[in-house]
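*Asks:* got a predicted structure here, sequence first:
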Amino acid sequence: MFSHISSRLRLSVATAAALGAAVALAAPAQAVESTTPEPSGASVTRTATVAAPAAWAAGTRAYLVITAPGDTTAVRTAIANNGGTVFASYDAIGVIVAHSTSSGFASTMRTVSGVQQVGATRTSDVPADAYNPALPANPAQSTTTLTESNRWDMTQIKADQAWAVTTGSASVKVGILDTGVDDQHQDIAPNFNAADSVSCAYGKADTRAGAWRDVGTHGTHVAGTVAAAKNGKGVIGVAPGVKISSVRIAEPTSSLFFAENTICGFMWSGDHGFKVTNNSYYTDPWAFNCPDNVDQAAIIEGVKRAQAYAESKGSLQVAAAGNSNYDLANKTTDSESPNDSTPVTRTITNACIDIPTELPGVVTVAAQGNGGAKASYSNFGNGVIDIAAPGGDGTSGVYSTLPGGKYGSKSGTSMASPHVAGVAALMVSVNPALTPADLRARLATQANDTACPSDSRCTGTTANNGFFGEGQTDALKAVGGTTPPPGKFFENLTDVTVGDNTTVESPITVSGVTGNAPATLKVGVDIKHTYIGDLKVDLVAPDGTVYTLHNRTGSGTDNIAQTYTVNASAEVANGVWKLRVNDNAAQDTGRIDAWNLTF
């Protein structure tokens, strides 16, 4: 069934275990969402927010009180008259977040005229922090020597080719609804939009500077995949020219995403003009919310109204499918909920839904590994999955930003979803008039059909099936580009031994190419070597200019099999090019198996 590390956030496995939190969108318990750090003016619709009581009381629980959209004055008064307080009120959708210490509060409020539904959003107390939230830490920043290169996930969806058409418009705002974002990170700061960033933890907007910062690492990693700057260092996001805002909906300590937090996030997104939001989590404490349960029915209705509101303001929601290798089209049991107290095993049906990923209008994203196969952990389901994208699997994670100026790899549908959010941001950059409905339709038609493997769980057609939906997202097709014809290709297949603490070179003689090398010279590298953190790998041009491809990153990972893109436009193409490999430590050895150049 749903593992927390799968359906939720989709945080690191270690963090999830420590917190007991459902971290969805990173995959189950092996190396999923493991982290390998690199060393070194939209008009605002009135949202009535009511100040919380001055003092927190033990036993405080949170509730959604649902009424007709518009003037909620009468219902808010009834809340106060029946042992509750109004924590926040979203009048435009008729949803009120109420707190009460009374065990009979919900049942009493359900009898009040004008009240349509009431539901507890938790099976645990509201933390005292809700009444005086602490600001997340602002981590010290380290600088990186890592230079940008084309990673497998970006080349797999042709994002590197799409950048020739557009890198995204700075007028396009993407909301990262997650654990927060490190806005000071060297690869995020150039594209960060602080004015529209906020914390929605506990269900009420906290606009203090820094309230949006990361209480984990997950949101910063997701943000980098969407829009890490194309600035010559670190990594490049799918849409490196758009603006990103952090809407922190995870609560500190638990890293849980309760319904009121998600509602606040969607309302904020609609009111602040986000064209796209990424949602790599599920709404706690229920992996699935069932309409025959009065509490969960209110959660479904409240979050559904908020998502519809955001869409009505022009915002497309993209969400991760979850990491439990679970068939969302054939639900039977849930043994992970409620995850804020004591989980129980319960029988469920397809009427029970994963929120927000199964809400109407939300684009549901499954994960693929390096090469395009279904990631082992990815949830699936014919008629539920809309599209697929790289999420990592096995030894190939998605490499992106981490707080403090760092970088690392994570795997999960959490990592797949921001690829699609980035592609949607590129699409609306090219055509700002596209509506959420337009974006959904174009994401579907421009995805590359991906057939089912020999796996009986995958049902449907090549054009649309339970593992991949409409297929793998394609950034180049999405922005109207075409694949350029291949350039001249040169390769050296001779093995060159790489010993301990040695430097070796492998040459390729290039001839018959007119003029200079391109700004997108492709350098394919196949090095068999244990512990690649020992290695520095350079491309040496005929005039001796050195272009660093890999500089002692990857720690204990084995082998380098990657195609790098080098701006070699200042170099004469013809001549002897060399791949130089420097081993900087003892014990681990290997060889240059092959390498190539494509002009």
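*Replies:* That came in fine, so what should we check first? Numbering: from 1, shown residues only.

*Asks:* how about stretch 343-363 as CSV, C-alpha atoms only?
*Replies:* Taking C-alpha atoms only, stretch 343-363 is exported to CSV below (Å, rounded to 0.1, in the frame of the first residue of the first chain):
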residue,chain,number,x,y,z
PRO,A,343,-2.6,4.2,11.3
VAL,A,344,-5.2,1.5,10.8
THR,A,345,-5.9,-0.9,7.9
ARG,A,346,-9.2,-0.1,6.2
THR,A,347,-11.0,-1.2,3.1
ILE,A,348,-11.4,1.5,0.4
THR,A,349,-12.8,1.8,-3.1
ASN,A,350,-12.1,4.0,-6.1
ALA,A,351,-14.5,6.6,-4.6
CYS,A,352,-11.7,7.4,-2.2
ILE,A,353,-9.1,9.7,-3.7
ASP,A,354,-5.6,10.9,-3.3
ILE,A,355,-5.7,14.7,-2.8
PRO,A,356,-4.7,16.8,-4.7
THR,A,357,-3.5,14.5,-7.4
GLU,A,358,-6.9,12.9,-8.2
LEU,A,359,-8.9,16.1,-8.0
PRO,A,360,-10.6,17.3,-11.3
GLY,A,361,-8.3,19.5,-13.4
VAL,A,362,-5.0,18.4,-11.7
VAL,A,363,-2.4,16.9,-14.0
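
*Asks:* check the closest residue to Val479 other than its chain neighbours and give its pLDDT.
*Replies:* Nearest non-adjacent residue to Val479, counting by C-beta to C-beta, 6 or more residues apart in numbering: Val165, 4.4 Å away. (Each C-beta comes from the backbone N, C-alpha and C, glycine too.) On the pLDDT scale, Val165 is placed at 93.

*Asks:* what kind of secondary structure is Val165 in?
*Replies:* coil (DSSP: H, G, I helix; E, B strand; the rest coil).

*Asks:* that one touches Ala478, doesn't it?
*Replies:* No - using C-beta atoms under 8 Å, Val165 is not in contact with Ala478, being 9.4 Å away.

*Asks:* which one's more surrounded, those two?
*Replies:* Ala478 (27 against 16; other C-beta atoms under 10 Å).

*Asks:* need the contact list for the more buried one.
*Replies:* Applying C-beta atoms under 8 Å, 6 or more residues apart in numbering, we find Ala478 in contact with 162, 423-424, 426-427, 442-443, 446.

*Asks:* tell me the pLDDT at it?
*Replies:* 95.

*Asks:* residue ranges of the strands in the stretch 351-500 of the chain, please?
*Replies:* Ranges of strands in the stretch 351-500 of the chain, per DSSP state E, counting those that start in this stretch, are 363-368, 387-390, 398-402, 406-410, 489-492, 496-498.

*Asks:* how about CSV for those, with mean pLDDT added?
*Replies:* Below are the strands of the stretch 351-500 of the chain laid out as CSV (pLDDT from 0 to 100):
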stretch, mean pLDDT
strand 363-368, 98
strand 387-390, 98
strand 398-402, 97
strand 406-410, 96
strand 489-492, 91
strand 496-498, 96
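
*Asks:* relative to Ala130, which of those is closest?
*Replies:* Closest approach to Ala130 among the strands of the stretch 351-500 of the chain (C-beta to C-beta): strand 398-402, 27.4 Å.

*Asks:* check contacts around Thr332.
*Replies:* By C-beta under 8 Å, 6+ apart, the contact list for Thr332 reads 347-348.

*Asks:* return the backbone torsion pair for it.
*Replies:* phi -130, psi -50 (degrees, to the nearest 10).

*Asks:* residue ranges with poor pLDDT in the stretch 401-550 of the chain?
*Replies:* Where the stretch 401-550 of the chain drops to pLDDT under 70, the residues are 483-485.

*Asks:* next helix or strand past the worst-scoring helix or strand of the chain on mean pLDDT?
*Replies:* None of the helices or strands of the chain scores lower by mean pLDDT, DSSP states H and E than helix 13-19, at a mean of 30. As assigned by DSSP states H and E, the chain's next helix or strand after helix 13-19 is strand 61-67.

*Asks:* helix or strand right after that next one?
*Replies:* Following strand 61-67 toward the C-terminus (DSSP H and E): helix 73-81.

*Asks:* show me what that following helix is in contact with.
*Replies:* Helix 73-81 is contacted by residues 50, 65, 67, 85-86, 89, 96, 98, 109, 112-115 when judged by C-beta under 8 Å, 6+ apart.

*Asks:* 6 Å instead?
*Replies:* Contacts to helix 73-81, defined as C-beta atoms under 6 Å, 6 or more residues apart in numbering, come from residues 67, 86, 98, 112, 114-115.

*Asks:* now stretch 304-314
*Replies:* Taking C-beta under 6 Å, 6+ apart as the rule, stretch 304-314 contacts 93, 263, 266-267, 269-270, 317, 359, 361, 436.

*Asks:* which residues of the protein fall in helices?
*Replies:* For the chain, helices defined by DSSP state H occupy the ranges 4-7, 13-19, 73-81, 105-109, 152-156, 159-162, 218-227, 259-271, 294-312, 413-430, 436-446, 475-478.

*Asks:* what about the third one, average pLDDT?
*Replies:* Translated: helix 73-81. 97.

*Asks:* any idea of the angle it forms with strand 61-67?
*Replies:* Put simply, helix 73-81 runs at 150 degrees to strand 61-67, going by axes from the mean of the first three to the mean of the last three C-alpha atoms, to 10 degrees.

*Asks:* can you start the count at 50 instead of 1 from here on
*Replies:* New numbering, starting at 50: the last item is helix 122-130.

*Asks:* in helix 122-130, which residues are buried?
*Replies:* Within helix 122-130, the residues that qualify as buried are 124-125, 127-128, counting by 16 or more other C-beta atoms under 10 Å.

*Asks:* same check, this time on stretch 474-482
*Replies:* Neighbour-count burial for stretch 474-482 [16+ other C-beta under 10 Å]: 474-479.

*Asks:* cool, and stretch 438-449?
*Replies:* Residues 438-442, 445-449 are the ones in stretch 438-449 that count as buried (16+ other C-beta under 10 Å).

*Asks:* out of those residues, who's nearest Val221?
*Replies:* Among these, and counting by C-beta to C-beta, the member closest to Val221 is Ala438, at 18.8 Å.

*Asks:* now do the closest one against Ala566, distance only.
*Replies:* Distance, Ala438 to Ala566, using C-beta to C-beta, to the nearest Å: 31 Å.

*Asks:* again with Lys380
*Replies:* Lys380 is 54 Å from Ala566, by C-beta to C-beta.

*Asks:* what's the answer for Ala512, then?
*Replies:* 40 Å.

*Asks:* and the end-to-end length of stretch 152-170?
*Replies:* Across its full length, stretch 152-170 reaches 14 Å end to end, with C-alpha to C-alpha, to the nearest Å as the criterion.

*Asks:* list the buried residues for that stretch?
*Replies:* Buried residues in stretch 152-170, counted by 16+ other C-beta under 10 Å: 154-155, 157-158, 161, 164, 166-170.
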